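In: fold the following.
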Amino acid sequence: MTEIILPANGWRPRFYQRRLWDYFKHDGKRAIEIAHRRWGKDDLALHLACRQAHIKVATYWHLLPEYEQARKAIWNAVNPHTGLRRIDEAFPRELRQTTDEHSMFIRFKYGSTWQVIGSDNYKSLVGTPPAGIVFSEWAKAHPGAWAYLAPILLENNGWALFITTPEGRNHAHAMYELACNDSNWFAELQTIEDSGSIITLEQVEQQRHEYEALYGTEAGDALIEQEYYCSFSAAILGAFWGKEISKAEREGRIKEIEVVSDLPVHTAWDIGVDDPMAIWAFQIFPGRIHVVDYYESSGHGFDHYADWLAERGYHGTDWVPHDAKVRDPSAPGARTRLETLISLKRKPKLQPEQSLMDGINAGRKTLPLAWFDAKRCAKGLDCLRSYKAEWDDKTRTFKKTPKHDWASHGADAWRGLSLAWMAPIIKEEPKKQPMRGVERITVDELLKLSKPARLRV
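Out: Modelled structure (predicted):
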């Protein structure tokens, strides 16, 4: 019988990876590693999963933000130094009972299973509950994936590892700050200067030169700061509203905002079916808006969201997209979503209809007038920071269309708010009452009643 020593194929953690490796070796449960590109995050995670899978028989997952990305970056990826697939290095075939190429699934002879999965459809994850999960590229993943899977790990006394480079001050930044102040977590941030000579500063500067040629000086520098120096404040490449959100932070417009009780709280919605539903709640003041709350969820009917708004006392105009006119087959009498909201004692009104880019521009113009409650709007602000244009690999340019990901729902609701927020303060003109008996007056009689016009020269 062949003896295999784990980690397999002679892999050993590098000196700067040792603290993270030893944390799990001593039964650690929660860890986040913020590290620069080419730190070896996924390699460590793969070897860790193999080790854990041969200590405790259970299910283990390796999640990336998108399914196809998971296949390219993990399942099919080849180590250029060895010529071996990454999964073959970490999980020798001698340890496996079956390997399913289609579903990226491995069953070990020991009894455990391991699978590569995309977190873009995390609610579809079914089967045996996992005892260990790696969230790779966590800053780009849907933050709801952890909220959905965390209770499963708690029940199984399982572990979770989050590995990523920063991408703005989003949920990965929030998790890192939480972990730094929680004794139950391991938290570490390593820049290119912390890991030694794995990549030289000369190589980093060469990468900077290439980035600047592709994206321009400002964006190129931001990418270097983000990817090699792990800066959370660097602008997200292609972000539509990144500068405006950063300016709001500098000007102190993201803080605790009090809800004024004698003013209505209006809402702006993005209506999803399978996708999440997103709602911004806001109050209008002369020349500014106070954005007091944000809520996003999925898998619920309109009654859930109506209850959420009612519990908080948010009563005003509910600005909804035009697809609210669509009939809902699941609703009684197949009524429209507008009719459903009205039946729930809400006051829906259709958002002004504009093109996608008009909405994005409106969102950009509205942000300088907006004040946000930092705590209640935290998740929505993450969406606004991360809403970005889609990158075209063929043309090497950003498309005009936004990338559809976890940030889209909050951003779409913000576009609706930006197109509609002026409307609630526009007062309706009083209807003119017709002159009594005017239908019986003649033209000659009407002229006699009119004052003569004065001619000015």
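In: the helix or strand that contains Tyr60: partners in the sheet, and parallel or antiparallel?
Out: Following DSSP states H and E, one finds Tyr60 within strand 59-64. The strands beside strand 59-64 in its sheet (DSSP bridges) come out as strand 113-118 (parallel), strand 130-136 (parallel).
In: any residues touching it, and which ones?
Out: Contacts to strand 59-64, defined as Cβ atoms under 8 Å, 6 or more residues apart in numbering, come from residues 42, 45-46, 49, 52-53, 70, 73-74, 112-119, 122, 125, 127-137, 141, 145. All C-beta spots, glycine's among them, are computed from the backbone N, C-alpha and C.
In: in that strand, what counts as buried?
Out: By 16 or more other Cβ atoms under 10 Å, the buried positions in strand 59-64 come out as 59-64.
In: from the chain's centroid, how far away is the following helix or strand past it?
Out: Proceeding N to C from strand 59-64, the next assigned helix or strand is helix 67-70, under DSSP H and E. Remark: helix 67-70 is offset 17 Å from the chain centroid, using Cα atoms, centre = their mean, to the nearest Å.
In: C-alpha coordinates for helix 67-70, CSV please?
Out: Provided in CSV are the C-alpha atoms of helix 67-70 (Å, rounded to 0.1, in the frame of the first residue of the first chain):
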residue,chain,number,x,y,z
TYR,A,67,-19.4,28.9,-11.1
GLU,A,68,-17.4,29.3,-14.3
GLN,A,69,-14.7,31.2,-12.5
ALA,A,70,-14.5,28.3,-10.0
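In: ok so, going back, now do the strand holding Tyr60: distance to the chain's middle.
Out: Offset of strand 59-64 from its chain centre (Cα atoms, centre = their mean): 20 Å.
In: among the contacts of strand 59-64, name the buried ones.
Out: 42, 45-46, 49, 52-53, 70, 73-74, 112-119, 122, 125, 130-137, 141, 145.
In: show the average pLDDT along the lengthiest helix in the chain.
Out: Using DSSP state H, we find that the single longest helix of the chain is helix 201-215. In this model, helix 201-215 has an average pLDDT of 89.
In: how far does that helix sit from the chain's center?
Out: 28 Å.
In: residues in contact with it?
Out: Applying Cβ under 8 Å, 6+ apart, the external contacts of helix 201-215 come out as 192, 219-221, 223-224, 228, 237, 396.
In: beyond it, next helix or strand please.
Out: helix 217-227.
In: show me what contacts the nearest residue to Arg30 once chain neighbours are set aside?
Out: Spatially, and ignoring its direct neighbours in sequence, Arg30 is nearest to Trp185 (4.6 Å; Cβ to Cβ, 6 or more residues apart in numbering). Applying Cβ under 8 Å, 6+ apart, we find Trp185 in contact with 30-32, 178-179.
In: rerun that using 7 Å as the cut-off
Out: Trp185 makes contact with 30-32, 179 under the criterion Cβ atoms under 7 Å, 6 or more residues apart in numbering.
In: among those, which lie within helices?
Out: Among the contacts of Trp185, DSSP H puts Ala179 in helices.
In: now render the contacts of Trp185 as a markdown table, adding neighbour count, pLDDT and distance to Val259.
Out: Shown next, in a markdown table, are the contacts of Trp185 (neighbours: other Cβ atoms under 10 Å; pLDDT from 0 to 100; distance: Cβ to Cβ, whole Å):
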| residue | neighbour count | pLDDT | distance to Val259 |
| --- | --- | --- | --- |
| Arg30 | 19 | 98 | 34 |
| Ala31 | 20 | 98 | 38 |
| Ile32 | 24 | 98 | 33 |
| Ala179 | 20 | 98 | 31 |
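In: reformat the contacts of Trp185 as JSON lines; add distance to Asp318.
Out: Shown next, in JSON lines, are the contacts of Trp185 (distance: Cβ to Cβ, whole Å):
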{"residue": "Arg30", "distance to Asp318": "39"}
{"residue": "Ala31", "distance to Asp318": "42"}
{"residue": "Ile32", "distance to Asp318": "38"}
{"residue": "Ala179", "distance to Asp318": "37"}
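In: closest to Glu89 out of the contacts of Trp185?
Out: Nearest to Glu89 out of those is Ala31 (Cβ to Cβ; 22.0 Å).
In: could you find the closest non-adjacent residue to the closest one?
Out: Leaving aside its chain neighbours, Ala31 sits nearest to Phe186 (3.8 Å; criterion: Cβ to Cβ, 6+ apart).
In: is it true that Pro13 touches Leu44?
Out: Yes - using Cβ atoms under 7 Å, Pro13 is in contact with Leu44, at 6.3 Å.
In: if we can go back for a sec, dump the contacts of helix 201-215 into TSV; add neighbour count and distance to Val265 as well.
Out: Shown next, in TSV, are those (neighbours: other Cβ atoms under 10 Å; distance: Cβ to Cβ, whole Å):
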residue	neighbour count	distance to Val265
Ile192	23	47
Ala219	19	38
Gly220	19	43
Asp221	16	41
Leu223	23	39
Ile224	21	43
Tyr228	23	44
Leu237	20	35
Arg396	9	45
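In: where does pLDDT dip in the stretch 51-200 of the chain?
Out: 126-127, 197 (pLDDT under 70).
In: helices of that one, start to end?
Out: With DSSP state H, counting those that start in this stretch applied, the stretch 51-200 of the chain shows helices at 67-70, 86-90, 144-156, 171-180, listed in chain order.
In: let's see stretch 245-262 as PDB, backbone CA atoms only.
Out: The C-alpha trace of stretch 245-262 is given here as PDB (Å, rounded to 0.1, in the frame of the first residue of the first chain):
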ATOM      1  CA  ILE A 245     -19.200  57.400  -2.100                       C
ATOM      2  CA  SER A 246     -15.600  58.200  -1.100                       C
ATOM      3  CA  LYS A 247     -16.500  61.900  -1.200                       C
ATOM      4  CA  ALA A 248     -19.500  61.300   1.000                       C
ATOM      5  CA  GLU A 249     -17.200  59.500   3.500                       C
ATOM      6  CA  ARG A 250     -14.700  62.400   3.500                       C
ATOM      7  CA  GLU A 251     -17.500  65.000   4.000                       C
ATOM      8  CA  GLY A 252     -19.000  63.100   6.900                       C
ATOM      9  CA  ARG A 253     -22.300  62.400   5.200                       C
ATOM     10  CA  ILE A 254     -22.200  58.700   6.200                       C
ATOM     11  CA  LYS A 255     -23.000  58.700   9.900                       C
ATOM     12  CA  GLU A 256     -25.900  58.200  12.300                       C
ATOM     13  CA  ILE A 257     -29.000  59.700  10.800                       C
ATOM     14  CA  GLU A 258     -32.100  60.300  12.900                       C
ATOM     15  CA  VAL A 259     -35.500  59.500  11.300                       C
ATOM     16  CA  VAL A 260     -37.700  62.600  11.600                       C
ATOM     17  CA  SER A 261     -41.000  61.400  12.900                       C
ATOM     18  CA  ASP A 262     -43.200  64.100  11.400                       C
END
